[in-house]
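1. just coords:
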């Protein structure tokens, strides 16, 4: 297990195939997928393919979403991290997009904020970029609240079409290095 970051309550590391049960618990929950415009995972085999895709992103880009674990119990709470987009995203290419997803039973406990701050801080120090981007469904008030708390600024809407994802009027957020307080 390659630990990347630690916070007061969390361990953040690369996602492994041994995480399949925890990820299946999270991604098979329809409430977790409410604002994603993607159907919940229906089998552990499907979840293995998702994990393998993330591992491919680690190999190709050096980064992807990371597992977020409770430091005391070792339970995988969800994922958080940066995804590198080579293809156009809201008219931009070669950008890092920040995202997170947690098991429903862990919503509202500050894990998304805590892990996001650690990852964004790591990203600004290690990736030599000046801006990170984030996007949410326009009705996902909780996610937008977390992004603002971290320091992201709402910049507008765009129509997201990426792979299986398609969201009209997706929100677009930006966080410049000079505006980030770790």
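-> Structure received. Computed from a prediction, not measured in an experiment: that's the story for all the values here.

2. So, low pLDDT: which residues of this protein?
-> For the chain, the stretches with pLDDT under 70 are 1-3, 37, 162-165.

3. could you pull out the strands for it?
-> Using DSSP state E, the strands of the chain run over 3-6, 10-14, 65-70, 76-85, 95-102, 131-136, 153-162, 165-176.

4. Between the ones you listed, which one is closest to residue 33.
-> strand 95-102 (9.0 Å; Cβ to Cβ). Using the backbone N, CA and C atoms, a C-beta is placed for each residue, glycine as well.

5. So residue 120 versus residue 175, what's the distance?
-> 7 Å (Cβ to Cβ, to the nearest Å).

6. which residues are common contacts for these two?
-> 98, 132, 150, 151 (Cβ atoms under 8 Å, 6 or more residues apart in numbering).

7. thought the last one was touching residue 174?
-> No - when contacts are counted by Cβ atoms under 8 Å, residue 151 is not listed as touching residue 174 (9.9 Å).

8. what does stretch 80-100 rub up against?
-> Stretch 80-100 has contacts (Cβ under 8 Å, 6+ apart) with 12, 57, 61, 63-66, 68, 78-79, 101, 112, 115-116, 119-120, 123, 127, 129, 131-135, 143, 146-147, 152, 158, 160, 162, 172, 175.

9. longest helix anywhere in the protein?
-> Longest helix of the chain, by residue count under DSSP state H: helix 44-61.

10. buried set for stretch 78-96?
-> Going by neighbour count (16 or more other Cβ atoms under 10 Å), the buried part of stretch 78-96 is 78, 79, 80, 81, 82, 83, 85, 89, 90, 95, 96.

11. Quick check: the two most widely separated of these?
-> The span of the buried residues of stretch 78-96, defined through Cβ to Cβ, is set by 78 and 90 at 24.5 Å.

12. Right, I'll leave it there.
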